[in-house]
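> Take this sequence and fold it.
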Amino acid sequence: MKDKGISPVIASIILVLIVLSLAGAYTVFTGRLSSSQTEAGQKSSQELVETATTLFRIDGVQDQNVVLRNTGQNDIAQGSLTVLVDGTILNYTLASPIAPGSSGNLNVQGLWKFEKGDRLLEIAGGAFSDSVVVEIEHVRESLVGEWLFEEGSGASTKDSVSGATGTLTGSSLWNSDTPLPASEYSLKIGEVAGDYAELPHSSSLSPTSAITIEGRAKVLAGGDGFVEKWNVYGIRLRAASAYGYVSIGGAPTACELTATAALASTGWHHVLYSYDGTTARMYLDGNPVGSKSCSGNIDTSTNVLRIGKNQGGGTYDGFADNVRIYNRALTPDVLYAMKAA
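Residues are numbered from 1 along each chain as shown. Predicted coordinates:
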């Protein structure tokens, strides 16, 4: 018998069924795709709303603290903000999240990176930020000696606290290489043998119960005598280390600290040594680099204070600027404060 094949009618029916089946599958696929896109869109919209509702304003500044008020709809979480001063990101702490409608204090660290002057403080969180101009100032409480070296010429330099005049020995000490824009001049010491600044003795420069020695240094070859009251207290900066001490009971080694650091030819550094009557501490560029338990009153002496050379013959090779002495123990983060400009 001859094979007749599939009739045109049956073929038409089969084709219609195939088309209907494909259409149904397409409808299910596009429905699922549309549902996924809708869910993604809703999630994206929700995230956008949450970001947009992270709102706040700076309500004030005092010392190292920024008062921040939450004007949004969500808590401001710890670690969710960025703090900048003149574009430089600084660390901060926030004790607890700030609830909507409430205020909290951000404690800002790193103000030592700036000297006195107006600065732009900015707080950023998500897509929102607020900013205000603040004045950063150096804490004056307990300050007993300050040498900014802004004279720029001549053979003398003045203590900004007492007004006492120090003598510069050597030549070509004044230099325009400075650690910060606020400074116009620094001292370049060691280019000629015997360069140093000698500052007269006074009782205020002989604290007995506590002390902070602070300065900014750009080390070339280093050496002893960055700032030192011979056999009483001082900081010595070398090419690969920093050394600080106070003498107790006739022993300059009683509270000595040495920190290993690549100081030579690495730019300007902030250095600080402190003693509070029980512990000596040293900081480099705001970071703690050593501490030592020791106790007793600091020895007194009528020796002069020198910057660049000690009375034992040790010399420093590098730049010096903004040297200060306090009669209490301080950390870098509390040496500088903010106030409304």
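> got the contact list for the helix or strand containing Val271?
Counting by DSSP states H and E, the secondary-structure element that holds Val271 is strand 268-275. Outside strand 268-275, the residues within contact range by C-beta atoms under 8 Å, 6 or more residues apart in numbering are 112-113, 179, 210-219, 226, 233, 235, 237, 242, 244-246, 255, 257, 263, 280-286, 294, 298, 319, 321, 329-332, 335. (C-beta placed from N, C-alpha, C; glycine too.)
> What helices and strands are in contact with the next helix or strand along the chain from it?
Following strand 268-275 in sequence order, the next helix or strand is strand 279-284 (DSSP H and E). Using 3 or more C-beta pairs under 8 Å, 6 or more residues apart in numbering; DSSP states H and E as the contact test, the elements touching strand 279-284 are strand 241-246, strand 257-260, strand 268-275, strand 287-293.
> what about stretch 278-288, distance to the chain center?
Here stretch 278-288 is found 14 Å from its chain centre; the criterion is C-alpha atoms, centre = their mean, to the nearest Å.
> In contact with the spatially most central residue of the chain: list those residues for me.
Closest to where the C-alpha atoms of the chain average out (C-alpha atoms, centre = their mean) is Gly110, at 2.5 Å. Taking C-beta under 8 Å, 6+ apart as the criterion, Gly110 is in contact with 85, 88, 90-91, 286, 333.
> repeat that with 7 Å
By C-beta atoms under 7 Å, 6 or more residues apart in numbering, the contact list for Gly110 reads 90-91, 286.
> could you flag which of those are buried?
Among those, those classed as buried by 16 or more other C-beta atoms under 10 Å are 90, 286.
> Could you give the average pLDDT over stretch 233-244?
Stretch 233-244 comes out with an average pLDDT of 95.
> which parts of that stretch are buried?
Counting neighbours by 16+ other C-beta under 10 Å, stretch 233-244 gives 233-239, 242-244 as buried.
> ok, which stretches of this structure are helices?
Remark: helices assigned in the chain by DSSP state H are 8-52.
> Please, a PyMOL command that selects the buried ones among the contacts of strand 268-275?
With 16+ other C-beta under 10 Å as the criterion, this PyMOL line picks the buried residues out of the contacts of strand 268-275:
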select buried, resi 112+113+179+210+211+212+213+214+215+216+217+218+219+226+233+235+237+242+244+245+246+255+257+263+280+281+282+283+284+285+286+294+298+319+321+329+330+332+335
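> one step back: a markdown table please, covering the buried residues of stretch 233-244 and showing distance to Tyr275.
What follows is these, written out as a markdown table (distance: C-beta to C-beta, whole Å):
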| residue | distance to Tyr275 |
| --- | --- |
| Tyr233 | 8 |
| Gly234 | 12 |
| Ile235 | 12 |
| Arg236 | 16 |
| Leu237 | 18 |
| Arg238 | 21 |
| Ala239 | 25 |
| Ala242 | 15 |
| Tyr243 | 14 |
| Gly244 | 9 |
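> What is the most widely separated pair among the residues you listed?
Every pair in these was compared (C-beta to C-beta); the two farthest apart turn out to be Tyr233 and Ala239, at 22.3 Å.
> ok so, going back, quick one: the residue nearest to the centre of the chain from Glu214, how far?
Applying C-beta to C-beta, to the nearest Å, one obtains 15 Å for the distance of Gly110 from Glu214.
> same deal with Ile123?
Note on Ile123: its distance to Glu214, by C-beta to C-beta, is 28 Å.
> go on, Ala99?
Distance check for Ala99 against Glu214: by C-beta to C-beta, it reads 39 Å.
> Pull out the buried residues from stretch 56-70.
In stretch 56-70, residues buried by neighbour count (16+ other C-beta under 10 Å) are 56, 58, 60-61, 64-66, 68-70.
> outside of that stretch, which residues touch it?
Under the criterion C-beta under 7 Å, 6+ apart, external residues in contact with stretch 56-70 comprise 71-72, 76, 98-108, 111, 121, 123, 125, 130, 132, 134, 333-334, 337-340.
> So which of the helices and strands packed on strand 279-284 is nearest Asn310?
Among the helices and strands packed on strand 279-284, strand 241-246 comes nearest to Asn310, with 11.3 Å by C-beta to C-beta.
> tell me the angle the closest one makes with strand 279-284.
Using axes from the mean of the first three to the mean of the last three C-alpha atoms, to 10 degrees, the interaxial angle of strand 241-246 with respect to strand 279-284 works out to 150 degrees.
> coming back round to it: direction included, what does the strand holding Val271 pair against?
Applying DSSP bridges to the sheet, strand 268-275 is found paired with strand 211-229 (antiparallel), strand 279-284 (antiparallel).
> Any idea which of those has the lowest pLDDT on average?
For the strands paired with strand 268-275, the stretch scoring lowest in mean pLDDT is strand 211-229; its value is a mean of 93.
> For that strand, what is the distance to the chain centroid?
Average the C-alpha atoms of strand 211-229, do the same for its chain, and the two points are 20 Å apart (C-alpha atoms, centre = their mean).
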